[in-house]
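**Q** generate coordinates for the sequence data below:
(one chain, ligands or ions: 1)
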Amino acid sequence: MKSYDKKVLPLSLKGDNNNFVEAEKLQRILIEWFYEHGRDFPWRDEKALDPYKVLVTEILLQKTRADAVAVIWHDFFKAFPTVKALAESTEDHVLKVIQRLGLAFRAKRLIKISNQIIKEFNGAVPSSFDELLRLHGIGPYVASAVLCFAYGKPQPIVDVNVMRMMNRFKGFIDEKSIREYISKVIPQDHPREFNWALLDIAATICGPDKPNCFACPLDSTCPKINARMSQWRIMRKNVRGGVKLSLQPYSVRKKTKAKPK
Ligand code: SF4
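**A** Below you'll find the predicted structure:
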């Protein structure tokens with residue numbers, strides 16, 4: 001990965017000095033770490049950051065390992081290079097291309113969404129949060145990912161891994177607080193690298209059972225709240241337009257001995 005030019009580091013946060021310093025520090029740490037250690041995926045290539053490819057990729061990544069998606073990613077866009085090509089295809093054809101990933105319902109969803117984009121948005125993937133949420137089965141996570149990765153907007157992207165990491169890093173237990181915090185510290189420029197760093201660290205270093213803090217770029221600044229993740233459980237609640245996440249205390253039940261008969 002190319003090295004990061006510190007001179008172009010933007011500072012997006014306006015506010016009191018402490019918050020400004022915190023945002024600056026976090027931006028530098030995360031973006032520099034990303035250029036050095038961030039994961040390489042075909043959808044992170046500059047040429048792959050068009051709205052159609054980002055939207056489809058995020059749908060393919062739902063509940064699926066990234067390395068599995070990487071295997072079929074080029075084949076998918078070879079078969080369906082545009083939103084029009086996808087809309088004009090058949091469910092069987094899409095299914096054949098993505099069958100390795102499982103979750104067959106996605107074939108139907110992809111065709112439905114592509115037709116919706118053609119009919120309601122003149123063939124262009126929408127660029128506003130509310131319009132993206134109007135697409136069939138699209139929730140806040142995918143909408144945020146499209147806005148950030150395709151349109152370069154400083155949008156917070158919060159999955160269950162980022163929630164767990166942010167609980168340890170800032171003590172937040174609900175998605176709303178985490179989104180608000182990230183909105184304040186994410187840079188106007190380089191928002192993609194900032195979010196990719198958070199997603200990668202949360203997925204590969206700040207794991208559920210034992211965070212690998214020695215390998216984490218936030219080690220010296222992180223208070224490691226609830227670092228023993230067994231104390232917390234991530235709750236998912238289906239709400240209109242997606243899933244709402246929160247963390248809840250996890251009470252371990254003591255095993256009671258069975259009474260002798
Ligand atoms: S220092 Fe440890 S607990 Fe904190 S974010 Fe990094 S891996 Fe997670």
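
**Q** once you drop chain neighbours, what's closest to Gly171?
**A** Spatial nearest neighbour of Gly171, excluding adjacent residues (C-beta to C-beta, 6 or more residues apart in numbering): Ile225 at 4.8 Å. In this view, the C-beta of every residue, glycine as well, is placed from N, C-alpha and C.

**Q** list the buried residues for the helix or strand hosting Leu198?
**A** Using DSSP states H and E, Leu198 falls within helix 191-204. Applying a neighbour-count criterion of 16 or more other C-beta atoms under 10 Å, one finds 191-203 buried in helix 191-204.

**Q** dump those residues to CSV, plus distance to the ligand.
**A** Output for the buried residues of helix 191-204, formatted as CSV (distance: C-beta to the nearest ligand atom, whole Å):
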residue, distance to the ligand
Pro191, 20
Arg192, 20
Glu193, 17
Phe194, 15
Asn195, 15
Trp196, 15
Ala197, 11
Leu198, 10
Leu199, 13
Asp200, 12
Ile201, 6
Ala202, 8
Ala203, 11
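
**Q** from those, pick the one nearest Ile117.
**A** If you rank these by distance to Ile117 using C-beta to C-beta, Arg192 comes first, at 22.2 Å.

**Q** show me what contacts the closest one?
**A** Listed by C-beta atoms under 8 Å, 6 or more residues apart in numbering, the contact partners of Arg192 are Leu49, Cys148, Phe149, Gly152.

**Q** go through those and flag which are in helices.
**A** The members of the contacts of Arg192 all map outside helices under DSSP state H.

**Q** mind putting the residues you listed into TSV with neighbour count and pLDDT?
**A** Formatted as TSV, those follow (neighbours: other C-beta atoms under 10 Å; pLDDT from 0 to 100):
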residue	neighbour count	pLDDT
Leu49	17	92
Cys148	22	97
Phe149	26	97
Gly152	14	96
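
**Q** the ligand versus the residue lying closest to Ala68 once chain neighbours are set aside, what's the distance?
**A** Nearest non-adjacent residue to Ala68, counting by C-beta to C-beta, 6+ apart: Leu101, 5.8 Å away. Leu101 sits 29 Å away from the ligand, going by C-beta to the nearest ligand atom, to the nearest Å.

**Q** swap in Ala104?
**A** 35 Å.

**Q** right, and that residue touches Val94 too?
**A** No: under the criterion of C-beta atoms under 8 Å, Ala104 is not in contact with Val94, lying 9.5 Å apart.

**Q** of these two, who's got more company?
**A** Comparing Ala104 with Val94 by neighbour count (other C-beta atoms under 10 Å), the higher total belongs to Val94, at 22 against 12.

**Q** and the longest helix belonging to the chain, average pLDDT?
**A** Taking DSSP H as the criterion, the chain has its longest helix at helix 17-37. The average pLDDT for helix 17-37 rounds to 85.

**Q** follow-up on the earlier one: what's the spacing between the residue nearest to Ala68 and Asn195?
**A** The gap separating Leu101 from Asn195 is 23 Å, by C-beta to C-beta, to the nearest Å.
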